[in-house]
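Undergrad: Mind folding the following:
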Amino acid sequence: MQDNIAQLEFFHVGGKNASSLDELFRECAKRSSDNLKLVLAGSDIGTGIKTTVRLYDSDGVLTKLATEAQANERRSQELWDEFGNARGFRRWHIDRQSRKCARLSIDYRRQALMLAGYVLADAVTYGREVAVECPDRTFRPLRDNEGHELVESASQAKGVWIFVFKPNFLYTDRNTMLVHVM
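TA: As a prediction, this is how the structure comes out:
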């Protein structure tokens, strides 16, 4: 059986310390301008706003986390839909469950960032196949000299999105999504 593909998008801007949209836009502009000259010179370096990689989820831990997080988000939406029509004790009970879902959602985001960084570091350390996104949105194999820098970049990320696809070729543009956590 083939492993699912996990696409990890590590974000280097924003996060919980961004106090305003203006600050976020300034940070994006600074990171983009830092790399613009390299990109225009033909380098396949990204914008600096995010780093995207694909790897095989051989242990299934990213698939499991994304599945649980997505189920929690669905439950949260169901509670939101019920809340408007509820009265009295039922409304109080839905509010409590909703708060629990919100706490879980925050926990899943924290777990996703830590786990994604760990899985990437593990893949690089043990020489597993890793694909890196290019500026034109295609993917290429990780080069031998890029592993340490990529892991370091991921460890400094402020957030991560995880997309899990059905087993397929790591570099393809046509993937079927199974689950995601954002």
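
Undergrad: hey, what's the most centrally placed residue in the chain bridged with?
TA: The residue lying closest to the centre of the chain (C-alpha atoms, centre = their mean) is residue 161, at 1.7 Å. Beta bridges link residue 161 to residue 9, judged by DSSP bridges.

Undergrad: Return the residues in contact with it.
TA: 8-9, 11, 180-182 (C-beta atoms under 8 Å, 6 or more residues apart in numbering). Backbone N, C-alpha and C define where each C-beta goes, glycine included.

Undergrad: Against residue 76, how distant is it?
TA: Going from residue 161 to residue 76 by C-beta to C-beta, to the nearest Å gives 18 Å.

Undergrad: The helix ranked longest in the chain: which residues count as buried?
TA: Counting by DSSP state H, the longest helix found in the chain is helix 88-125. For helix 88-125, the neighbour count (16 or more other C-beta atoms under 10 Å) marks 94, 97-98, 101, 104, 108-109, 112-113, 115-117, 119-121, 123-124 as buried.

Undergrad: do stretch 66-74 as well
TA: Under 16+ other C-beta under 10 Å, the buried positions of stretch 66-74 are 66-67, 69-70, 72-73.

Undergrad: Which residues are in contact with the closest residue to residue 181 other than its chain neighbours?
TA: Closest residue in space to residue 181, ignoring its immediate chain neighbours: residue 69 at 4.0 Å, by C-beta to C-beta, 6 or more residues apart in numbering. By C-beta under 8 Å, 6+ apart, the contact set of residue 69 is 105, 108-109, 112, 181.

Undergrad: now the residues you listed as JSON lines including distance to residue 151 and pLDDT?
TA: Formatted as JSON lines, these follow (distance: C-beta to C-beta, whole Å; pLDDT from 0 to 100):
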{"residue": "105", "distance to residue 151": "27", "pLDDT": "92"}
{"residue": "108", "distance to residue 151": "22", "pLDDT": "94"}
{"residue": "109", "distance to residue 151": "20", "pLDDT": "91"}
{"residue": "112", "distance to residue 151": "17", "pLDDT": "94"}
{"residue": "181", "distance to residue 151": "20", "pLDDT": "84"}
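
Undergrad: Pick out the most distant pair among those residues.
TA: Spatially, the most separated pair among the contacts of residue 69 is 105 and 112, at 10.5 Å (C-beta to C-beta).

Undergrad: follow-up on the earlier one: the very next helix or strand once past the longest helix of the chain: how far from the chain's middle?
TA: Following helix 88-125 in sequence order, the next helix or strand is strand 130-133 (DSSP states H and E). Relative to its parent chain, strand 130-133 has a centroid offset of 14 Å by C-alpha atoms, centre = their mean, to the nearest Å.
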